[in-house]
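Chemist: after the sequence you'll find the predicted model.
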Amino acid sequence: PQPRHIALMPGDGIGAEVVAAAEQVLTQLRDHHHVDISWDTLEWPSTAWHQEHGRMMPEDAMHRVKGYDALLLGALGDPGPTSDPQRYRLPDGISLAPLLAFRKELDLWACERPARLLPGAPQFLADPRAADIDMLVIRENSEGEYVNQGGRMHRGTPNEVATQLEVFTRRATERLIRHAFLRARRRLVLRGETKQFYCAEKGQAFAQLCLVTKRNAQPAWGELYSEVFDEIAREFPEIGTRHELVDAACMKFVQCPWEFDVVVASNLHGDILTDLAAVLSGGLGLAPSCNINPDSRAMPALFEPTHGSAPDIAGQGLANPSAMLLTTAMMLEWLGFTAAGEQLRAAVAADLVSNGHRNRNCQEITQGIIAAL
Ligand code: NAD
Ligand code: IPM
Ligand code: MN
């Protein structure tokens, strides 16, 4: 693999703590495992930078980040305790804007969030079949409920009306759904025939893709998604398909999560489903995520765990860095350091098996993973 240069962006709250863990691991990989990677640490975007400069990041930030091969972000958001009026606090609308701007400006239209219950991880579902949870939620990352257009009329009056536009284009829907089928196919090839799903139309199938919508209440985009899904499904006869309405999908994620493989959903539904999938597979402390453009490497991809800045535990060393380190493994693979990515994922898994049930702080978990490496 060629040398790679990335940006570490600590961000807010536990973001800085888990990025520090990632830096320790990257240092280890660079110094002892021949991974030719270098990095800059950018103090922006973050609330601290805003406090000093009156904005979340420099004016030329977007131009500058485009020069990196990948971005590794901790988390953004520092709403602060309402009990302390002196404390510098930003509304989420300001502090999170850079994250949404990166996804859009860098054209990172797919968000992939694997949820696999690793041995040793906290298992919140009592059913022993929950040990088989192994799904990949693919979230639309460029439009839908996140276009952020709308407004408030008659603000503060009894007649106030808030509108929030949602936009779903065929172009974005087709590329998303085709990508989801390709991922399902790849999982089928990698997994072999060890896990079987039943598909009513196609008989027994060995990989399965579930489309989630709310087409009963939101038919305009729900039907667009369903039509595109059915069209593209014809190109993938070996993939079993199903559809779930998002409310029922939430219920089934808890009732029988082992019956899901790849799940494809809109921006907002994908956001909600992936916090749920995270807790089914050990919690937010173990849930990795990436924002990618599967068709193009022209822009840097953005890697950040599913979790946020966790103000309730920030500054106490209590954050679990495993989500960030599994995210780092995804980044290494994306950058072509396939073996190092696999090793890091195996190290997180090995650490869980030997230490998973012990109460450990961020530094102890990081040391355990480095020892396993
Ligand atoms: P959160 O994900 O930060 O935390 C939810 C719960 O999970 C908290 O109890 C937290 O302590 C726990 N948790 C999260 N990550 C953990 C980890 N690595 N180890 C152990 N426990 C962990 O969600 P929230 O509290 O709703 O949001 C806090 C702030 O983060 C808000 O400003 C929100 O907008 C922002 N946020 C940012 C991102 C991001 O930058 N990608 C994602 C989600 C939320
Ligand atoms: C996530 C986060 C973001 C999202 C927020 C912070 C805007 O929850 O990455 O899951 O909703 O996409
Ligand atoms: Mn989220």
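Modeler: Yep, that arrived. Ligands and ions are numbered 1, 2, ... in the order given.

Chemist: going forward, measure contacts and count neighbours with C-alpha atoms only.
Modeler: OK.

Chemist: run a quick neighbour tally on G308.
Modeler: For G308, the count of nearby residues is 17 (other Cα atoms under 10 Å).

Chemist: in this structure it contacts P79, no?
Modeler: No - the pair G308 / P79 is not scored as a contact, 11.3 Å apart, by Cα atoms under 8 Å.

Chemist: sec struct for Q164, please.
Modeler: strand (DSSP: H, G, I helix; E, B strand; the rest coil).

Chemist: which residues touch Q196?
Modeler: Q196 makes contact with Q204, A205, F206, A207, according to Cα atoms under 8 Å, 6 or more residues apart in numbering.

Chemist: give me the pLDDT for it.
Modeler: What the model reports for Q196 is a pLDDT of 74.

Chemist: point to the helix or strand of the chain where mean pLDDT is at its lowest.
Modeler: Sorting the helices and strands of the chain by mean pLDDT, DSSP states H and E puts strand 203-205 at the bottom, at a mean of 72.

Chemist: buried set for stretch 238-251?
Modeler: Judged by neighbour count using 16 or more other Cα atoms under 10 Å, the buried positions of stretch 238-251 are E238, I239, G240, T241, R242, E244, V246, A249, C250.

Chemist: what about it, how long is it end to end?
Modeler: 27 Å (Cα to Cα, to the nearest Å).

Chemist: quick one: name the residues of the stretch 1-150 of the chain near ligand 1.
Modeler: Residues of the stretch 1-150 of the chain lying close to ligand 1 (Cα under 6 Å from any ligand atom) are A75, L76, G77, D78, P79, D92.

Chemist: need these in JSON lines with secondary structure and pLDDT, can you?
Modeler: Listed next are these as JSON lines, based on DSSP: H, G, I helix; E, B strand; the rest coil; pLDDT from 0 to 100:
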{"residue": "A75", "secondary structure": "strand", "pLDDT": "98"}
{"residue": "L76", "secondary structure": "coil", "pLDDT": "98"}
{"residue": "G77", "secondary structure": "coil", "pLDDT": "96"}
{"residue": "D78", "secondary structure": "coil", "pLDDT": "88"}
{"residue": "P79", "secondary structure": "coil", "pLDDT": "81"}
{"residue": "D92", "secondary structure": "helix", "pLDDT": "93"}
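
Chemist: buried members of those into PyMOL, please.
Modeler: To isolate the buried members of these in PyMOL, using 16+ other Cα under 10 Å:
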select buried, resi 75+76+77+78+79
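
Chemist: if we take the residues of the stretch 1-150 of the chain next to ligand 1, which one ends up nearest to L165?
Modeler: Nearest to L165 out of those is D92 (Cα to Cα; 19.0 Å).

Chemist: so the closest one touches G77, yeah?
Modeler: Yes - D92 lies in contact with G77 (Cα under 8 Å); the separation is 5.9 Å.

Chemist: now the helices for the stretch 101-250 of the chain?
Modeler: 170-191, 219-233, 246-255 (DSSP state H, counting those that start in this stretch).

Chemist: check the offset of the first one from the chain's centre.
Modeler: Using Cα atoms, centre = their mean, to the nearest Å, the mean C-alpha position of helix 170-191 is found 17 Å from that of the whole chain.

Chemist: now for it, which elements pack on it?
Modeler: Where contact means 3 or more Cα pairs under 8 Å, 6 or more residues apart in numbering; DSSP states H and E, helix 170-191 is packed against strand 208-213, helix 219-233, strand 262-265.

Chemist: thinking again about what came up before, distance to ligand 2 for the helices of the stretch 101-250 of the chain - can I get that in TSV?
Modeler: Listed next are those as TSV, based on distance: least, Cα to the nearest ligand atom, whole Å:
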stretch	distance to ligand 2
helix 170-191	16
helix 219-233	19
helix 246-255	16
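
Chemist: so what's the residue count around the residue in the stretch 1-150 of the chain that ligand 2 sits nearest to?
Modeler: As assessed by Cα to the nearest ligand atom, ligand 2 sits closest to L96 within the stretch 1-150 of the chain, at 5.8 Å. Residues near L96, counting by other Cα under 10 Å, number 19.

Chemist: wait, it sits on D78?
Modeler: No - applying Cα under 8 Å, one finds L96 not in contact with D78, separated by 9.3 Å.

Chemist: redo the helices of the stretch 101-250 of the chain as CSV? Include mean pLDDT and distance to ligand 1.
Modeler: Formatted as CSV, the helices of the stretch 101-250 of the chain follow (pLDDT from 0 to 100; distance: least, Cα to the nearest ligand atom, whole Å):
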stretch, mean pLDDT, distance to ligand 1
helix 170-191, 95, 20
helix 219-233, 98, 25
helix 246-255, 97, 18
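
Chemist: could I get those helices as a markdown table with distance to W109?
Modeler: What follows is the helices of the stretch 101-250 of the chain, written out as a markdown table (distance: least, Cα to Cα, whole Å):
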| stretch | distance to W109 |
| --- | --- |
| helix 170-191 | 8 |
| helix 219-233 | 16 |
| helix 246-255 | 21 |
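
Chemist: where does the residue nearest to K214 when sequence neighbours are not counted land on pLDDT?
Modeler: Once flanking residues are discounted, K214 sits nearest to L245: 5.1 Å by Cα to Cα, 6 or more residues apart in numbering. pLDDT, L245: 98.

Chemist: what do you get for E193?
Modeler: In this prediction E193 is given a pLDDT of 67.

Chemist: residue contacts, the residue lying closest to P91 once chain neighbours are set aside?
Modeler: Closest residue to P91 apart from its sequence neighbours, by Cα to Cα, 6+ apart: P79 at 6.0 Å. Listed by Cα under 8 Å, 6+ apart, the contact set of P79 reads R89, L90, P91, D92, P311.

Chemist: what about the residues you listed, which one has the most neighbours?
Modeler: R89 leads the contacts of P79 on contacts (other Cα under 10 Å) with 19 neighbours.

Chemist: which secondary structure state does that residue sit in?
Modeler: coil.

Chemist: please report how far it lies from S95.
Modeler: Where S95 is concerned, R89 sits at a distance of 9 Å (Cα to Cα).
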